[in-house]
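Q: Please work out how this folds:
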Amino acid sequence: MSNLSGFVKRVRDVMRNDAGINGDAQRIEQITWMLFLKVYDAKEEDWEFDDEQFESIIPPKLRWRNWAHVENQHDGLTGDQLLNFVNNELFPTLRKLEINSDTPIRQSIVRTTFEDANNYMKDGVLLRQIINIIDELDFGSYEETHAFGEIYETILKELQSAGSAGEFYTPRAVTEFMAKMIKPQIGETMADFACGTGGFLSSWIKELEAIKDAKGSISNEDSEKLYNSIYAIEKKQFPYMLCVTNMLLHGIDNPKVFHDNSLTKKLLDYTKKDAFDVILMNPPYGGSEKEDIKQNFPADLKSSETADLFIAVILYRLKKNGRAAVIIPDGFLFGNDNAKVNLKKKLLTEYNLHTVVRLPQSVFSPYTSITTNILFFNNEEPTGKTWFYRVDIPDGIKYFSKTKPMKLSDFDDCVAWWNDRKEIADEEGNSKAKCFTSQELIEGGYNLDLCGYPHEEEEILSIKETIINYKKHSEAAEEKINSTLAKITEILGIEL
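A: So this is what the prediction gives:
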C-alpha cells in the first residue's frame, strides 16, 4: 500500500512538464484512460483465472501487460516510439473494436471508453514516466484495490475545481445521505440516467455492502444481485470513462453503464420492463434542449429545461411502489411554466412527494452557486402531505468550499428529524421544518419554495438618509476605536 501514498502528486508533478497538458480537466482525463487500461488488465487476470476459455477483446499487443508493464523501468517503449504506438496503434484500434449485441458488457465497455478519449501528452519520455507510476499500483491485491478506491475518489473530487468538468461530480456527502435515506435492499434495482462519475452508484453499493457485512454472509445469488443491481447512462465521454473505471474498482465486473443520452427515447414508449425499484439522481440543470429532444415528450411535459425533462423520465421509469431521491434547483420549486406545474401536479396527486430537503447554497461550490434541493418521492398513493426541512450550514463556517466541503455529519440533525418529524422554527421565527398538505400546495399555485433560507431585505435609502446613516456609523466606530486606545494606553502607562 506504500506505493499509493503521494500517487496523485507524483503524476501531477510529471504532467506539469508536458506541453500538451492544458489544465486540470485534461490532466484528469489523461490519467483516467491509463488507469482504465491498468484496472481492466487486472480484471482480465481474474476472469482468466475463473474461466480458462476467456479471451480478451483487446489484441495481445495492446494489452497493458504487453506494452505498458515492464520488469525494469528502463525498458519498454518510450519517447517518439511510445507516442507513435499510443496515437497510431492503441487508440485507433480500441476505438474500432468489433462489438455486437452478443458482446458481453465487460468487453464492449473497452471500445465505448476509447471512442472519444484523447492522449494529450506530447513528450513520450514523460508519458513513459506516468505509465510506470500507474503500473506500480497492484490491483491483484484486494487490500490495494480497496485502498486505491479511496484515492480514486479524491481524483474525482478534484473535478470540482477542473472548470466545467465539475458538473459531473456530486459531493459524496450528498450522495451518501440520499442513499442512506432511500434504504436500499439487496435484490432491488437502482438507476441513474445522468450518472456523471458514478457517485450515486458508489454510494448505493456502499449501503448494500453494509447490509451484507451486517448479515455476516449472504448467498451467492444475493451477492450477484448486489453487484448487478445498478443501471446507468452518461451522455458525455469523459465522465463515462471515469464512471466505468470507478465501477470496476468497486468490484462490478459487468457495469451496466451506457454511453448514451437518456432523453432521446420517446417518453410514452417506456414499459414496465424499463422501470426500476430506486432512482437516485442529480439531473443536469441550467441546460437547454433542442426541439428534436423536446418532441420525445408529451405536450404537457415538454420543456426546454433539461432538469424538467429528466424529472419526467424519472416519473415514467420508477416502478410501482418504487422510491426516488432527486436533486433539483430552486427554479423547479417556484417555477410556474407549463411543464414545471404539470410535473409538480403529478408529484402531489399521482406520486407521494413525502419530503423536500433544502440544501445550503454553497454545497456545489466552486462549480455553481445555484441553490439545490432533494425531492424524496415514491410511486404510490399520495399521503396528502409533504414535509420540508432546511439543512443549515454548521456553526463555525460561513459557507462550504473546496477546502471545507460538506460532510455526511452535516446531515446528522436532518437524519434525527427524519425519524421523528416535528415542525421547527429557527431563532428568527422562520420555519426550518414544516408539513404542508397537498391541498395547501395546490392552492398555492404549486409553489414548493417553502422553509427556505432567510434573506436580508435590501433597504433603499434617500441620499440624505444615506449620509446621516454613514455619519452615525462612522462616529460609533471612531468612538469604539478611541475607547480601545484609551484602555491600551492606560495599561501601558503611556501619557498622550
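Q: Neighbours of the closest residue to Phe85 other than its chain neighbours, how many?
A: Once flanking residues are discounted, Phe85 sits nearest to Leu77: 5.6 Å by C-beta to C-beta, 6 or more residues apart in numbering. C-betas here are computed from N, CA, C, even on glycine. Here the number of neighbours of Leu77 (other C-beta atoms under 10 Å) works out to 18.
Q: Enumerate every residue touching Leu77.
A: Applying C-beta atoms under 8 Å, 6 or more residues apart in numbering to Leu77 gives the contacts Trp67, Phe85, Gly124, Arg128.
Q: By neighbours, which of those residues wins?
A: Going by other C-beta under 10 Å, Arg128 tops these with 23 neighbours.
Q: The top strand by length along the chain: partners in the sheet, and parallel or antiparallel?
A: Criterion DSSP state E: the longest strand present in the chain is strand 318-329. Strand pairing for strand 318-329, using DSSP bridges, gives strand 276-281 (parallel), strand 372-378 (antiparallel).
Q: Put together CSV for these, with distance to Val326, mean pLDDT and mean neighbour count on each row.
A: Formatted as CSV, the strands paired with strand 318-329 follow (distance: least, C-beta to C-beta, whole Å; pLDDT from 0 to 100; neighbours: other C-beta atoms under 10 Å):
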stretch, distance to Val326, mean pLDDT, mean neighbour count
strand 276-281, 5, 98, 25
strand 372-378, 5, 97, 21
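Q: TSV for these, including distance to Leu248?
A: As requested, the strands paired with strand 318-329 are exported to TSV (distance: least, C-beta to C-beta, whole Å):
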stretch	distance to Leu248
strand 276-281	20
strand 372-378	29
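Q: now for those strands, which one comes closest to Glu71?
A: For Glu71, the closest of the strands paired with strand 318-329 is strand 276-281, at 44.1 Å, according to C-beta to C-beta.
Q: And Arg27, how far from Phe7?
A: Applying C-beta to C-beta, to the nearest Å, the value for Arg27 to Phe7 is 13 Å.
Q: Can you verify my assumption that Lys404 contacts Ile397?
A: Yes - using C-beta atoms under 8 Å, Lys404 makes contact with Ile397 at a distance of 5.6 Å.
Q: Settle it for me: which of these two has more neighbours?
A: Lys404 (15 against 11).
Q: Please tell me how far the more buried one sits from Asp412.
A: Separation of Lys404 from Asp412 (C-beta to C-beta) stands at 17 Å.
Q: likewise Pro284?
A: Here Pro284 is placed at a distance of 29 Å from Asp412 (C-beta to C-beta).
Q: which of the two has more neighbours?
A: Neighbour tally, Pro284 and Asp412, criterion other C-beta under 10 Å: the higher count belongs to Pro284, 18 against 12.
Q: Disregarding residues adjacent in the polypeptide, which is nearest to the more buried one?
A: Thr306 (4.9 Å).
Q: need the contact list for that neighbour.
A: Contact partners of Thr306, counting by C-beta under 8 Å, 6+ apart, are Leu263, Pro283, Pro284, Tyr285, Gly286, Gly287, Ser288, Glu289.
Q: what distance separates the helix or strand where Leu441 lies from the centre of its chain?
A: Counting by DSSP states H and E, the element that carries Leu441 is helix 438-443. On the basis of C-alpha atoms, centre = their mean, to the nearest Å, helix 438-443 sits 32 Å off its chain's mean C-alpha point.
Q: and what of stretch 51-67?
A: Offset of stretch 51-67 from its chain centre (C-alpha atoms, centre = their mean): 32 Å.
Q: Can you show me the CA trace of the helix or strand hosting Trp204 as CSV?
A: Using DSSP H and E, the element containing Trp204 is helix 199-215. C-alpha atoms of helix 199-215 as CSV (Å, rounded to 0.1, in the frame of the first residue of the first chain):
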residue,chain,number,x,y,z
GLY,A,199,-21.2,8.9,-7.3
PHE,A,200,-24.7,7.6,-6.6
LEU,A,201,-23.8,4.2,-7.9
SER,A,202,-20.8,4.0,-5.4
SER,A,203,-23.0,5.2,-2.5
TRP,A,204,-25.7,2.7,-3.4
ILE,A,205,-23.2,-0.2,-3.5
LYS,A,206,-21.7,1.0,-0.2
GLU,A,207,-25.1,0.8,1.5
LEU,A,208,-25.7,-2.7,0.2
GLU,A,209,-22.3,-3.9,1.2
ALA,A,210,-23.0,-2.6,4.8
ILE,A,211,-26.1,-4.8,4.8
LYS,A,212,-24.0,-7.7,3.5
ASP,A,213,-21.4,-7.1,6.3
ALA,A,214,-24.1,-6.8,8.9
LYS,A,215,-25.5,-10.2,7.9
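Q: hang on, the earlier thing: tell me what the helix holding Leu441 is packed against?
A: Contacts defined by 3 or more C-beta pairs under 8 Å, 6 or more residues apart in numbering; DSSP states H and E place helix 438-443 against helix 338-349, strand 385-390.
Q: what do you get if the cut-off is 10 Å, keeping everything else the same?
A: Here helix 438-443 touches helix 338-349, strand 352-358, strand 385-390, going by 3 or more C-beta pairs under 10 Å, 6 or more residues apart in numbering; DSSP states H and E.
Q: got the residue ranges for the helices in the stretch 151-300 of the chain?
A: For the stretch 151-300 of the chain, applying DSSP state H, counting those that start in this stretch gives helices covering 172-182, 199-215, 220-227, 237-249, 291-294.
Q: mind listing what's buried in the longest one?
A: When neighbours are counted by 16 or more other C-beta atoms under 10 Å, the buried residues of helix 199-215 are found to be Gly199, Phe200, Leu201, Ser202, Ser203, Trp204, Ile205, Lys206, Glu207, Leu208.
Q: Name the residues that touch stretch 54-63?
A: Contacts to stretch 54-63, defined as C-beta atoms under 10 Å, 6 or more residues apart in numbering, come from residues 37, 40-41, 44-48, 64-69, 85-86, 89-91, 93-94, 97-99, 103-104, 106-111.
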